[in-house]
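1. Need coordinates for the following:
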Amino acid sequence: MEKAPDAFEEKTLASGNACSEQQTGAARRATFCANVFDVMVRLYGEPGIASLCLEVQTSHAVDVPSLLFFALADSDGHGADDGEMQRLLQRAGEWRSLFVLPLRRLRLTLRQGGRNTAEIEFYEKIKAAELEAERLQVRRLADDFLPLEGPGGLAARYLETISMPEPKAGALVERLRDATKAVCHGFPHHAH
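-> The predicted model follows:
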């Protein structure tokens with residue numbers, strides 16, 4: 001005679017499956033956070049993306065590392081609620097203001113001057129320091145992002161917060177969405 005299913009056993013099994021799915025989601029998010037900068041560099045290297053990013057950085061004060069981070073989070077199915085996103089942007093903005101922007105201003109000033117060998121070497125060191133400051137900004141974003149959950153659409157929501165006009169913002173998000181498809185294989189996913 002076959003035993004009837006035990007209600008407690010079914011709930012435990014269902015709870016275990018939900019917990020397993022949650023752990024899988026947490027593992028996916030951890031993998032995303034661990035690899036996001038390397039994938040971001042590949043995304044930036046996709047045809048037309050660097051020039052597009054530099055244009056919106058200049059014309060709309062877009063924080064390119066944050067935008068690319070959010071576009072990649074969207075492509076990998078991650079999100080955050082509005083309050084959490086504002087905290088992410090505030091922390092990223094603090095780092096950007098203290099380190100990235102001063103290094104960028106210095107680099108751009110050096111780029112304009114007459115350049116001997118020593119100045120070129122110094123320019124390259126400042127350029128490398130600016131890139132390292134951006135990498136650390138992304139690391140901070142990833143560390144803060146790791147425990148969060150919520151709705152996607154992060155790139156579009158970021159562009160709303162900086163008041164980028166809609167036709168331009170929508171086109172930018174769409175272009176990034178297309179480009180992320182070329183690099184989305186950059187986030188290894190664990191088999192279930």
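
2. pretty sure Leu110 is in contact with Lys125, am I right?
-> No: counting by Cβ atoms under 8 Å, Leu110 does not reach Lys125; the two are 9.8 Å apart. C-beta coordinates here come from the backbone N, C-alpha and C atoms, glycine included.

3. who's more crowded, these two?
-> It is Leu110, of Leu110 and Lys125, that has more neighbours when counted by other Cβ atoms under 10 Å, with 17 against 12.

4. Next one: the residue nearest the centre of the chain relative to Ala129, how far apart?
-> Residue closest to the mean C-alpha point of the chain, counted by Cα atoms, centre = their mean, is Phe69 at 1.0 Å. To Ala129, Phe69 is 20 Å away according to Cβ to Cβ, to the nearest Å.

5. Over to Cys53?
-> Taking Cβ to Cβ as the criterion, Cys53 is separated from Ala129 by 19 Å.

6. Compare neighbour counts for these two and give me the winner.
-> Cys53 (19 against 15).

7. tell me which element that one falls in.
-> When secondary structure is defined using DSSP states H and E, the element that contains Cys53 is helix 49-60.

8. now for that helix, which elements pack on it?
-> The contact analysis (3 or more Cβ pairs under 8 Å, 6 or more residues apart in numbering; DSSP states H and E) places helix 49-60 against helix 7-44, helix 64-75, helix 166-183.
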